[in-house]
Structures are given as structure tokens and as C-alpha cells.
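> sequence and predicted model, in that order:
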Number of protein chains: 2
Amino acid sequence: MAAFVATISGGITAARGFRAAAVSAGIKANNGLDLALLVSDRPASAAAVFTTNRAQAAPVLVSREHLAQSGGSARAIVVNSGCANACTGDQGLEAARTMASETARLLECPVREVLVASTGVIGVGLPIEKIRSGVPAAFRALGADQGAAAARAIMTTDPYPKEAAVRIPIGRGEAAIGGMAKGAGMIEPMMATMLAFMTTDAAVTPALLNRALRDAVEDTFNAITVDGECSTNDSVMLLANGAGGAIVDERTYDVFLSGLRAVCLELALGIVRGGEGATKLVAVTVQGAATVAEAKRAGKAIANSLLVKTAIHGGDPNWGRLVAVAGRAGVAFELSRAKVVVGSTVLFENGHPHDENSARAAEHLKGHDISVSVDLGAGGAASTVWTCDLSAEYVRINADYRT
Amino acid sequence: MAAFVATISGGITAARGFRAAAVSAGIKANNGLDLALLVSDRPASAAAVFTTNRAQAAPVLVSREHLAQSGGSARAIVVNSGCANACTGDQGLEAARTMASETARLLECPVREVLVASTGVIGVGLPIEKIRSGVPAAFRALGADQGAAAARAIMTTDPYPKEAAVRIPIGRGEAAIGGMAKGAGMIEPMMATMLAFMTTDAAVTPALLNRALRDAVEDTFNAITVDGECSTNDSVMLLANGAGGAIVDERTYDVFLSGLRAVCLELALGIVRGGEGATKLVAVTVQGAATVAEAKRAGKAIANSLLVKTAIHGGDPNWGRLVAVAGRAGVAFELSRAKVVVGSTVLFENGHPHDENSARAAEHLKGHDISVSVDLGAGGAASTVWTCDLSAEYVRINADYRT
């Protein structure tokens, strides 16, 4: 994070002109918070990236449609937890549209200016009557101090809420960027969603906001993995309302991007730390790749390898597994020039093991923040991805009977 | 398996003119059997397929070289367990060459007619002096009744040996095809190899043998997965010595292939059943795919999904996970025409859940032999892959300290 990016509190409501709310609408069986509303006091530029899964949930379809209709403008985002509204057919689409239209009615804005998201059980209908009563209750609860509550309301089985916010200088002014996220907590089977929402009070055109979001997501949210899955509901949304006066243009784009990236990275790493059964955050850096794409591909292969994830869980500095996965990752790889480093300890270099360093590497693996690095010996490109270890607890969580 | 394929006993020595041996050469720390020798009494056609991993172990490099030099002819295969001889540099190559040259010296044949394979720990040198004493001991122990002992000698941490053999009519004669295999047992970390060896007493030209092996491997050994890994040492080798008199040509190719495929499938499924921590064999059939390649790709994605493997382990008929993985597999997929079947029970069809059938599907999942089927709704192609469930035991096995 560059020096001019200052961490602040406030999460999704850290930026001026945004209010949030969290209520219990009765969607979750335990009567917990399950409906979050985020409102910009003025029309905001909006950008979003969605799951690439071909089984797209109803809220993803509706939000895509609204963004296309509005040309990248939004007033509100409404999110429910406890039900993913995925694989729910025409009724699911109707429920997602009702979430948006109820919110638009209260805000007196066009329905296309409301985005929606859902997370929870797949294949179960979203009860429309609970939306009809929940959205007005959320509207009444809106407040500039409700960011933390909203971050709790979008959780399913996440171990803790995930918030982040920064302040950055832009031109002669400054801007706040804040956000909240939920991870892939699946303690109750069939729950699977990564959702993140961010706001800024800078003024950014929809086109530039879209570019910034895509640039920031690439090496943050798109560089993490818990178990290699991609859900039906994954969504990352960003609103920019200009309430702070600072203007983002080509000249100030880079500083805005570094602030946005800092928020994205903190939320993304929070998701990995809160991964099911996770006990360690693991940064996997691949160097010496032919291209950045190949570096990322090898990094993802390593980060998703059960053998690597279990070795790290067990504190085993098992460089052989890292070499073997790099070798099968489908990228250029030269064993005789390859190198494996765990923490700052070299374990394999130029075709030769350095098992005399095993104990030092094992010491590093006892910590909570782990780094492993593999040089493919094939070029000059590099990339980092983040994952968590794989514990028996993950299996216990996901093998639980749904019925 | 077609009706004319009869199962017989004898494994790798079921075919006439083959002898095997198993000895303890002192490579394994526990003094168990760790060196297997397979000899054909006459020169045999030879074919092999090897790992696609770019970090190829020394025995893989040497066997490839010998097959190229001999034009597909071999007298013997020598295999050690307890050491993979991978990532071992020039010394590893010298050790692999010594395995071959010692065997060739005793058999009085060209060294290019000896193939070698290794399985065990990666990155540890193979002690040449133990090879020099072990190979002559194995040579003295050769016998036509030693197939079962050889199948034990190639095990690392496999729960049981894997043998298979069949007899098939070919023209006016008949032929035996037999084999042995080991799986990816990794109780001691850094062990990872799938090895399979097969013999037949039919006469087959090297070119036709090569074609048959590739055809048979495609939907057997290449259609199984335990944890999505591909080792540095994976090898499947097949020798045909003609000692039985039957001749395989274009006319009798298909019947030979069905026999060979039956042996490959039995060995391959044995590997899956013996997967680390496995309690269930799972057949994943993907139908309605645009192409066979897409069917196989989706099948592999499902078979390697942690969420699917843990759900099956827990007996949870979780169709949502199957839909979500099919949707992210990167193949043509139409949710509104998709179908999910567990055992013979439909759980999702034409966009609608059939949760009323959950109990019946859960009953099927209590067994040891599980079948799940996903129709992608995108075409007419199909493919089956096999996997095992994922248990907490797998994590415990692979998280054990190496040191």
C-alpha cells in the first residue's frame, strides 16, 4: 500500500453521502440480520463484476440488466443473506425484481438504479412477502453509522464480518473508499458466495469506474482461492457518488486505483483468512514465468493443490509437492533452473534440494501468515495469489448432512 | 466387459512367457519388498505412456530414451519403490541407467531393451549400491508364480496390491492379458505415483501395441482422479511377447482392445478405491455435452471438486454443488435444460429442484459404489470419470509431518 493511502474506519459508509441499514427480515431461520440496504444520497456511477459461472443466480441476471439499462448509474444496492435465489427459475427472477422495485419505490428512483445480490442456500425460493416487509424496515433504519451492521447482515457462516476503508488525496481534494465483503462460508451445505460492495465519494465517470474496478479486482478478488470453486452468485459492486468533491480523471486515475486496490486487497484477504477450516493465510508467489498469465495459472494450481494445502496445514516444508504441481500446471517450466523458497528459506535450486534448510522453513510454517515462492526458471513474469490451508475441519464442515 | 472376456488369475504373470520377482533391496527403511523385476523370455513389443508433468523423474527420461532407441522392443521392466528418483539431477539419471544396465547384463540383452520405473519419496537419491545388489537377487528369484509378490513390491502406502488378468479369444487362438498397478498413496508425504504394468502373450507389432495402449488408457487410467494431481513418475507400460501364438492385427484389434481395456479399468478402479482416505468409489457421468472432450472436462471438474467430494463423503445429495461445478467448468451448459441424477434418482430437471426425492438419493449415497450423472443440456456427447470421496482422513494423512 503506497504511503499516501491512509486506513480509516467506517467500512461501506466511510465515504460521504452513503447510508446503510441492516434488519432481520425473517429469511434466515435463526432470525439473525439477513437484509442489508446501501443507499447513495445522490445518483452514483456504478460498476460491477459478476461470477463467470454459467448457472447465474437471479440477482446476478437482474443486476446485469439494470446496469446495462442505466448505463452505469445507481442509487442503491439491496442484499439478502440466507437464500442465494439461485436455480430458482421464473419465481426467483420475480423475487429479485421485487427486491429492486420495492427499494426504487421507497427511494423514488427508477428501478434500473437499484442493484441486488443474494447469498445463502441454492435451489430454495426467496419468500417475496419477507422482501416486501423487510425492504421498508431497512429503509427506515438507514444511517451513516450503520456500515458495520450491514457488514454483519450479509454474512452467512463467515466467522467474522469483513470491512475496509481508506482515505486518499486526489488532486487538491481527497476521497474516501470503503467496502464490505462476505466469503465462502459453507458450514450449512450449498452456501457459496463471495460478495463485496464498495463505495467512494469521489466523482468518477461510469466508464472510468468500470476500468478501475476491473483493474483492482484482477490481482485482489481474482487472485484469491479457498477451494477453487466459483459460485452462482459471486458479485463485486462499486458506487461512486462524488459527494466528497474530488474528481477522478486520467491524471488522478493511478492514485484512485491504488486506494481502491488497497480496499479490495484487505477485503479479499479477509475472505481467505475466514475460509472454512482455515488456520493460515498463504501467499503463493510465482516468479520466472514466461508471462503474467502463466504465473497466475501456476499460482492458482499451487494454491488449489490439496497436497500443497495439506502440507502447509501440517507445517511440512514439502518442496517436492510445489515442484510437482508447477510441473503439471501447463506452463513453461525448467526443472534445472527452478527454485522453491518457503518464507525466506531456499529449499530447492538449480535441480538440487537443500534439505539442510528444512528446519528453518518448518519454523516459518508454524506462523499464521505464510509465504511460498516458486521460480519456474522460464522467463521474467511474476504473480501472487492467496489461499488458505486445508484442514480436516474443512471436510467436517462440508460433509455434514444437509438433511 | 464383453462376454468373451474371461477373468483369470495370475496378474502380471498370467500371460505365457513372463516371469516376475520381488525382493527387498533395502531401499525402504522398513526392509519391505521394494524391487520388482518383470522379464519376458523372448523379446517383446513394448508400448508406454508417461506423465505429462514437466518435472519428469529420471526413470521416465531413461525409459522414454530406451523405447525410442529400441523402436518399441523390450525384454524386461525393473521397478523400485521407496524412492521416486525424481528431482535428483545427474546422479538420479545415473542410478536409473544402472537399474537398466545391471538387468541387461544379467539377461544378456541390449540395455535399450530394459525399461525402468520408480515410486516413493521425491528429491532423495536412489542408492546405486542397493540397486547393484538388489537386481541380481531379483534375477535369481524370477518365477512364473511371482506376479502377486511383484504387485506387492511396487506398493508404497497403497492399502492393498492391485492385480488383474483376462483371457480373450483372438482369431482361432486365445491370449492372456494381465497387469499390476500401484496408486497414489502418500501417507509418507512426497510420495506420489501411479504406476501400471501389463503383459500379454499375444503377438502385436509395436505400432499396433502403442495404439491399443493409448486407446485403452484414454477412458480408464486417464479417466480417474484421486486428488487432481499428476506426479513426476506416472507410467503405464505394456509388453506383448507372442508366446501364446495368437496374433493381433487390424481384424482382431477390437477384441484385443476390449480385453486390454478390461484389465486397465480394473486396475484403474482399484487405484481409486485405494485412494488416500477413500471410503467410496464414485462414477461421474456427464451427458448432454457439446463434445466428448467437454463431457470429460466437466466430469473431471466435478470429480475434483472438494465440495462434491465432501458432500458424497457425508452422504448429502447436494445437487446444487453439482450444478454449480458444471456451470463453472468452462463448457457449454444450459441451466434450463440441465439434469442431475444421483443413483437412479432425479434431483434437478429443467430448472426445477426435486427435493422430494432427497431421501431416496441419500440412501444410494450410503453405499460404497456411487454414481452421479449430470446432463449439461447442451448436446449429445457423454463421458464417465471415476473418483473417490474426500474424508478428513485424507487431510490427516497428507498433513503429517515429513520431518
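All right, it came through fine.

> and stretch A:104-123, which residues are buried?
A:104, A:106-107, A:109, A:111-123 (16 or more other CB atoms under 10 Å in any protein chain shown). Where C-beta positions appear, they are placed from N, C-alpha and C, glycine not excepted.

> of those residues, list those near chain B.
With the criterion set as CB under 8 Å from any CB of the partner chain, the members of these near chain B are A:121-123.

> surely A:Ala47 is in contact with A:Thr199?
No: in this structure, A:Ala47 is not within contact of A:Thr199 by CB atoms under 8 Å, at 11.7 Å.

> of these two, who's got more company?
A:Thr199 (33 against 24; other CB atoms under 10 Å in any protein chain shown).

> residues contacting that one?
Applying CB atoms under 8 Å, 6 or more residues apart in numbering or on different chains, we find A:Thr199 in contact with A:12-15, A:18, A:38, A:40, A:44, A:177-179, A:238-241.

> bridged to it, which residues?
Going by DSSP bridges, A:Thr199 is paired in beta bridges with A:Gly178, A:Leu239.

> about what we covered before: quick check: neighbours shared by A:Ala47 and A:Thr199?
A:Leu238.

> give the burial count for A:Gly367, as a bare number.
As a measure of burial, A:Gly367 has 12 neighbours, counting by other CB under 10 Å.

> for it, helix, strand, or coil?
Reduced to three states with DSSP: H, G, I helix; E, B strand; the rest coil, the structure at A:Gly367 is coil.

> how about the contacts made by it?
Contact analysis of A:Gly367 by CB under 8 Å, 6+ apart lists A:Lys280.

> related to what we said a few turns ago, just the buried ones from the contacts of A:Thr199?
Among the contacts of A:Thr199, those classed as buried by 16+ other CB under 10 Å are A:12-15, A:18, A:38, A:40, A:44, A:177-179, A:238-241.

> now, among these, which is nearest to chain B?
When these are ranked by distance to chain B (CB to the nearest CB), A:Leu238 comes first, at 23.3 Å.

> please verify my assumption that A:Arg360 contacts A:Val346.
No: using CB under 8 Å, A:Arg360 and A:Val346 do not qualify as a contacting pair, with a distance of 9.8 Å.

> ok so, going back, from the buried residues of stretch A:104-123, which ones fall inside strands?
A:114-121 (DSSP state E).

> ok, these vs A:Val385, which is closest?
Set against A:Val385, the nearest of those by CB to CB is A:Thr119 (23.0 Å).

> A:Ala151 and chain B, how far apart?
Computed as CB to the nearest CB, to the nearest Å, the A:Ala151 to chain B distance reads 25 Å.

> please, which helix or strand holds that residue?
Using DSSP states H and E, A:Ala151 sits in helix A:147-153.

> quick one: that helix to chain centroid distance?
16 Å (CA atoms, centre = their mean, to the nearest Å).

> chain center to the helix or strand just after that helix: distance?
Downstream of helix A:147-153, the next assigned helix or strand under DSSP H and E is strand A:162-170. The chain centre lies 16 Å from the centre of strand A:162-170; the measure is CA atoms, centre = their mean.

> with stretch A:224-240 instead?
For stretch A:224-240, the distance to the chain centre is 5 Å (CA atoms, centre = their mean).

> before we move on, what about stretch A:288-306?
Taking mean C-alpha positions (CA atoms, centre = their mean), stretch A:288-306 and its chain are 19 Å apart.

> which parts of the lengthiest helix in chain A are buried?
Determined from DSSP state H, the single longest helix within chain A is helix A:253-273. Residues A:253, A:255-273 are the ones in helix A:253-273 that count as buried (16+ other CB under 10 Å).

> any residue of it touching chain B?
No: using CB under 8 Å from any CB, we find that helix A:253-273 stays clear of chain B, coming within 15.2 Å at best.

> and the next helix or strand past that helix?
strand A:281-289.

> each with direction, which strands does that next one pair with?
strand A:369-375 (parallel), strand A:381-388 (antiparallel).

> what's the mean pLDDT across the longest one?
Read it as strand A:381-388. Across strand A:381-388, pLDDT averages out at 93.

> the inter-axis angle of it versus helix A:253-273?
40 degrees (axes from the mean of the first three to the mean of the last three CA atoms, to 10 degrees).

> ok, A:Ser24 - how many residues close by?
By the criterion of other CB under 10 Å, A:Ser24 has 17 neighbours.

> cool, A:Ala137 as well?
Neighbours of A:Ala137 (other CB under 10 Å): 14.

> can you tell me the closest non-neighbouring residue to it?
A:Val23 (4.7 Å; CB to CB, 6 or more residues apart in numbering or on different chains).

> show me what that neighbour is bridged to.
Beta-bridge partners of A:Val23, as defined by DSSP bridges: A:Leu35.

> got a list of what A:Gln283 touches?
No Gln there; residue A:283 is Ala. A:369-372, A:384-386.

> return the member of those nearest to chain B.
A:Ile370 (13.7 Å).

> spatially, what comes nearest to the closest one if we skip its sequence neighbours?
Using CB to CB, 6+ apart and skipping residues adjacent in sequence, the residue nearest A:Ile370 is A:Val282, 4.5 Å away.

> any idea how far that neighbour is from A:Gly330?
Distance of A:Val282 to A:Gly330, given as CB to CB, to the nearest Å: 21 Å.

> A:Ala399 now?
30 Å.

> now swap in A:Gly377 and tell me
With distances taken as CB to CB, A:Gly377 is found 16 Å from A:Gly330.

> ditto for A:Arg97
Taken as CB to CB, the span from A:Arg97 to A:Gly330 is 42 Å.

> who has more neighbours, those two?
Between A:Arg97 and A:Gly330, counting by other CB under 10 Å, A:Arg97 is the more crowded of the two (20 against 12).

> ok now the longest helix of chain A, how far from the chain's centre?
10 Å.

> could you do stretch A:85-100 as well?
For stretch A:85-100, the distance to the chain centre is 23 Å (CA atoms, centre = their mean).

> also stretch A:131-148?
23 Å.

> send me that stretch as PDB with only the CA atoms.
Provided in PDB are the C-alpha atoms of stretch A:131-148 (Å, rounded to 0.1, in the frame of the first residue of the first chain):
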ATOM      1  CA  ILE A 131     -38.800  -8.900   1.000                       C
ATOM      2  CA  ARG A 132     -42.000  -6.700   0.900                       C
ATOM      3  CA  SER A 133     -41.900  -6.200   4.600                       C
ATOM      4  CA  GLY A 134     -38.100  -6.200   5.000                       C
ATOM      5  CA  VAL A 135     -37.100  -3.600   2.500                       C
ATOM      6  CA  PRO A 136     -39.300  -0.800   4.100                       C
ATOM      7  CA  ALA A 137     -37.900  -1.700   7.500                       C
ATOM      8  CA  ALA A 138     -34.400  -1.400   6.200                       C
ATOM      9  CA  PHE A 139     -35.300   1.900   4.500                       C
ATOM     10  CA  ARG A 140     -36.500   3.300   7.900                       C
ATOM     11  CA  ALA A 141     -33.200   2.100   9.600                       C
ATOM     12  CA  LEU A 142     -30.900   3.800   7.100                       C
ATOM     13  CA  GLY A 143     -28.000   5.600   8.800                       C
ATOM     14  CA  ALA A 144     -24.500   6.900   8.100                       C
ATOM     15  CA  ASP A 145     -23.300   4.900  11.100                       C
ATOM     16  CA  GLN A 146     -24.700   1.500  10.000                       C
ATOM     17  CA  GLY A 147     -21.800   0.200   7.900                       C
ATOM     18  CA  ALA A 148     -20.800  -2.300  10.500                       C
END
